[in-house]
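**Q** Kindly generate the corresponding structure for this input.
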Amino acid sequence: MGLLQSQPEFVQVLADKSVRAGDTVTLQCEVNTEWLTVMWEKDGQKLHCVHDKHIMKQEGQLLTLEIRNAEEKDDGSQGQMVTELEAFVIQRDEVRELNFLLCGPIGAGKSSIINTINTIFKKRIYVTHQASSFTARFQKCKVGTAQDRFLPFVLYDTMGLDSGDNAGMHPDDFITAVKGHMKEGYQFNPINPLNENSPYYRENPSLSDRMHCLVFVIPADRISRMDSVIIQKMKNIKNAATAMGLPQVILMTRVDQACTLTNNDLHYVYNSKKIKDKMLECQRALDIKMNCIFPVKNYHEETDISEDVNCLMLHALTRIVQWADDYVDKYSNN
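**A** Okay, here's the model as predicted:
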């Protein structure tokens, strides 16, 4: 008779590690048998090893994963961020959804941001939302699925800003939307902004009707060439939001197009001098704090989900949700 093998189990589990960027981190665990085929996972998915980055070893019952040149994105935070956002509850019961208004020049990637965020939570490439240059009406875009439930925040897409007087979204319409006067379905008019006589004008907006965060969308590879007229229009919109105490952020898109290093590997986005310079340009243009500027990449040509793309967007979205919730809490009695 052969010996009965014991049920495989961990003798020593993985321990939490705190490391500095650039360090080498070694993760170890031990099992009670060496007759195992081992697979390392990150955020519930198989870890795809990168040459000279990940080194896996198995010596008897001891299993080791070595991660060289540790970076922020190595911490396996994607699953945690998704879980926290899916479980998020707004502090004030009178507001059922946090409203985020997207604002930026034509072709900056506003609609692609909506597609990217929904791709993350639908867990498949989502391409339903059309390109921003065709956004003709003020529309609410939910996040998530009806089956699993929609998340308690929505994005409002808008027509892009243009340098011409009779093209693109009228800046006054942005301000009207920020204050909560604009109703969903309003058709944008570059020449004549929404007025109080329109059936799409809300006379007495509540806190639930207002925007809770203003999200500027600026393409990293075009910020240097952006028309001064467009920048001034965004400044005017920003000033109106500032007067309301509204949080404001910049999603700096197309980082892969602005930097060769980042194009080859998104892990280097926060280590790239070129990306840092582009963030500084955004800061100087709109006078928004650096910790409110987030470099991101949208899904565009990809046919498969990318953890790197997801993590950058989730990091930004988490902060946006938190700051918008703080705004609602602060102004709930006003």
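
**Q** my read: Tyr327 touches Cys213, true?
**A** Yes. At 7.0 Å, Tyr327 counts as touching Cys213 under the criterion of CB atoms under 8 Å. Any C-beta I mention is one placed from the backbone N, CA and C, and that applies to glycine too.

**Q** How much space separates Lys122 from Ile288?
**A** Going from Lys122 to Ile288 by CB to CB, to the nearest Å gives 30 Å.

**Q** These two: who's more crowded?
**A** Using other CB atoms under 10 Å as the criterion, Lys122 and Ile288 rank with Ile288 on top: 20 against 16.

**Q** The more buried one reaches Ile250, doesn't it?
**A** Yes. Look at Ile288 against Ile250 with CB under 8 Å: they come within range, at 5.6 Å.

**Q** Can you pull the residues that touch both of the two?
**A** Common contact partners of Ile288 and Ile250 (CB atoms under 8 Å, 6 or more residues apart in numbering): Phe216, Cys282.

**Q** re earlier: common neighbours of Tyr327 and Cys213, please.
**A** Common neighbours of Tyr327 and Cys213 (criterion: CB under 8 Å, 6+ apart): Leu246, Pro247.

**Q** The two: which is more packed in?
**A** Cys213 (26 against 21).

**Q** How much space separates Thr64 from His54?
**A** 11 Å.

**Q** meant to ask about Met169
**A** 46 Å.

**Q** which one of these two has more residues nearby?
**A** Between Met169 and His54, Met169 has the larger neighbour count (other CB under 10 Å), namely 24 against 16.

**Q** check which helix or strand covers Asp173.
**A** Here Asp173 sits within helix 171-178, counting by DSSP states H and E.

**Q** for Gln28, same thing?
**A** Element membership of Gln28, judged by DSSP H and E, is strand 25-31.

**Q** Please name the strands paired to that strand in the sheet, noting orientation.
**A** Sheet partners assigned to strand 25-31 using DSSP bridges are listed as strand 10-12 (antiparallel), strand 62-67 (antiparallel).

**Q** Now do the end-to-end distance for stretch 293-313.
**A** 12 Å (CA to CA, to the nearest Å).

**Q** Over to stretch 126-139?
**A** 17 Å.

**Q** change the start of the numbering to 37 and stick with it
**A** Sure, I'll start numbering at 37, so the last one becomes stretch 162-175.

**Q** Give the rounded mean pLDDT of that stretch.
**A** Across stretch 162-175, pLDDT averages out at 69.

**Q** And stretch 286-298, what's buried?
**A** Under the neighbour-count criterion of 16 or more other CB atoms under 10 Å, stretch 286-298 has Ile286, Leu287, Met288, Thr289, Arg290, Val291, Asp292, Ala294, Cys295, Leu297, Thr298 buried.

**Q** what's near enough to touch Val253?
**A** Leu138, Cys139, Gly140, Ala144, Gly145, Lys146, Ile149, Ile286, Leu287, Thr289.

**Q** looking at it, the third one is touching Phe252, isn't it?
**A** Yes. The criterion here is CB under 8 Å, and Gly140 meets it with Phe252 at 5.7 Å.

**Q** who touches both of those two?
**A** With CB under 8 Å, 6+ apart as the test, Gly140 and Phe252 both reach Met270.

**Q** got a pLDDT number for Lys109?
**A** On pLDDT, Lys109 comes in at 61.

**Q** swap that for Gly80, please
**A** Predicted confidence (pLDDT) for Gly80: 53.

**Q** tell me the strands in this structure, going along the chain?
**A** 46-48, 61-67, 77-78, 81-82, 90-95, 98-103, 134-139, 175-181, 185-193, 249-255, 284-289, 329-331 (DSSP state E).

**Q** So for Ser242, which of the ones you listed sits nearest?
**A** Among those, the nearest to Ser242 by CB to CB is strand 134-139 (11.4 Å).

**Q** tell me which strands and helices the closest one is in contact with?
**A** In terms of contacts (3 or more CB pairs under 8 Å, 6 or more residues apart in numbering; DSSP states H and E), strand 134-139 is packed against helix 146-158, strand 185-193, helix 207-214, strand 249-255, helix 343-367.

**Q** So which elements touch the first one?
**A** Here helix 146-158 is seen to pack against helix 114-122, strand 134-139, strand 175-181, strand 185-193, strand 284-289, helix 343-367 when contacts are counted using 3+ CB pairs under 8 Å, 6+ apart.

**Q** So which of the ones you listed is nearest Leu302?
**A** Closest to Leu302 of those, according to CB to CB: helix 343-367, at 3.9 Å.
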